[in-house]
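> quick one: sequence plus predicted model below, questions after.
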Amino acid sequence: MSERLPPCPHRPPCPGCPRYGERGIAAPIRGRLAEFAAAHGVTLEVVDGARLGFRHRARLAIRGRANSPKIGIFQTGTHRIADIPNCRTHHPLVNRTAAALKQAIREAGCSPYADRPHRGDLRYVQVAVERGSGRAQVVLVGNSDQSDPLTAVAEALTAAMGDALHSLWWNGQPERSNAILGPHWKRLCGEEAIEERIGGVSVFFPPGAFGQSNLDLADALVERVASWIPDGARVAEFYAGCGAIGLGLLPRAASSSGWPCALPKNANARASKPGRPEIASTRSPAPTAWWSIPHARASTRPCSSPSCARPLHGWPT
């Protein structure tokens, strides 16, 4: 019998974890998945991970007032915020960062965003924790195409975070939109990307790139996929992102191609062997390219947007 967890302090109104503390998959869903797997001649296997503290990446809304900011997620079907300062599924540094940001907002007198009048300076915060260093990559999402309105809060947060801050970024989202991140970026301090060891190689995550929030389960997934790839295979990975799956296959594959692939400049020297992809820069802090490594050679072709989905040209044969 599994250990029973203490109740979540934020439910209700927070809707974030409908199966908080429970293991596995809900019985009705598991039954349907098992039937689907059996129909295709495979066995359903469920891998459980940690039940608490596993979220290394979070995007949180910022609402309220300058003297009483709230940081959390929206209640179901609304833009009313559920403040979640003690979320138990977050890595502890995510909660510490949110607490430091609240204090920085108060000190700077920064105005949180209000949806209906489309006013306020600070809309969201994104936090990604680098496992190796235990530091946080932080993105402040402003309601402007200029970073100036968030200068004071950024300086206060930098001072409060100290050595726990990996890097601090400004992102501008001035549109009336449910999209969290906008098109405008500026690095305020710190390194270009967080580095994670996945599949035996270093994988780099700039702030605009997609990353899994549960990295331990993602590690298990990548390891399983790698076990299915025979040595000497030709590998093509679509929607490769930062290369979290494909880069670790380079030493074993006869050729490997991925599109798109996002890495910081100069990361290729550490990314993998024997092939080292060179990444072409774009206007985004998450440079995007597709890489092709026929054994020990590397080449790249730039992609016009970090989220483009146009057909490939010159796919290796």
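In hand now; what should we look at? A quick note: this is a predicted structure, and the numbers were derived from the prediction, not measured. Numbering: from 1, shown residues only.
> going along the chain, name the helices of the chain.
Across the chain, reading from the start of the chain, the helices by DSSP state H fall at 27-39, 92-108, 151-161, 215-227, 268-271.
> out of those, which comes closest to Gly132?
helix 215-227 (10.9 Å; Cβ to Cβ). Where C-beta positions appear, they are placed from N, C-alpha and C, glycine not excepted.
> flag every buried residue along the closest one.
Within helix 215-227, the residues that qualify as buried by neighbour count (16 or more other Cβ atoms under 10 Å) are Leu215, Ala218, Asp219, Leu221, Val222.
> do stretch 87-101 as well
For stretch 87-101, burial by neighbour count (16+ other Cβ under 10 Å) applies to 87-91, 93-98, 100-101.
> so where's this structure uncertain?
By pLDDT under 70, the low-scoring segments of the chain are 1-2, 256-317.
> ranges for the strands of it?
Taking DSSP state E, the strands of the chain run over residues 57-65, 68-74, 81-83, 122-130, 135-142, 165-172, 184-190, 194-198, 201-205, 234-241, 255-262, 288-294, 299-302.
> give the contact list for the residue lying closest to Ala233 once chain neighbours are set aside.
If the residues on either side of it in the chain are set aside, Ala233 comes closest to Ala253, at 5.6 Å by Cβ to Cβ, 6 or more residues apart in numbering. The neighbourhood of Ala253, defined by Cβ atoms under 8 Å, 6 or more residues apart in numbering, consists of Ile229, Gly232, Ala233, Arg234, Val235, Ile293.
> which residues touch the first one?
Think Ile229. If you count contacts by Cβ under 8 Å, 6+ apart, then Ile229 has Val235, Leu249, Arg252, Ala253 around it.
> re earlier: dump the helices of the chain into a markdown table; add distance to Glu175 as well.
Putting those into a markdown table (distance: least, Cβ to Cβ, whole Å) gives the following:
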| stretch | distance to Glu175 |
| --- | --- |
| helix 27-39 | 36 |
| helix 92-108 | 22 |
| helix 151-161 | 21 |
| helix 215-227 | 31 |
| helix 268-271 | 34 |
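> nearest to Gly49, of the ones you listed?
helix 215-227 (4.4 Å).
> need the strands of the chain in CSV with distance to Ile25, can you?
Compiled in CSV, the strands of the chain are given as follows (distance: least, Cβ to Cβ, whole Å):
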stretch, distance to Ile25
strand 57-65, 22
strand 68-74, 23
strand 81-83, 25
strand 122-130, 26
strand 135-142, 31
strand 165-172, 34
strand 184-190, 38
strand 194-198, 24
strand 201-205, 28
strand 234-241, 25
strand 255-262, 30
strand 288-294, 34
strand 299-302, 40
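> turn these into a markdown table, columns for mean neighbour count.
Formatted as a markdown table, the entries for those read as follows, by neighbours: other Cβ atoms under 10 Å:
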| stretch | mean neighbour count |
| --- | --- |
| strand 57-65 | 20 |
| strand 68-74 | 20 |
| strand 81-83 | 21 |
| strand 122-130 | 23 |
| strand 135-142 | 25 |
| strand 165-172 | 22 |
| strand 184-190 | 16 |
| strand 194-198 | 21 |
| strand 201-205 | 23 |
| strand 234-241 | 17 |
| strand 255-262 | 25 |
| strand 288-294 | 24 |
| strand 299-302 | 16 |
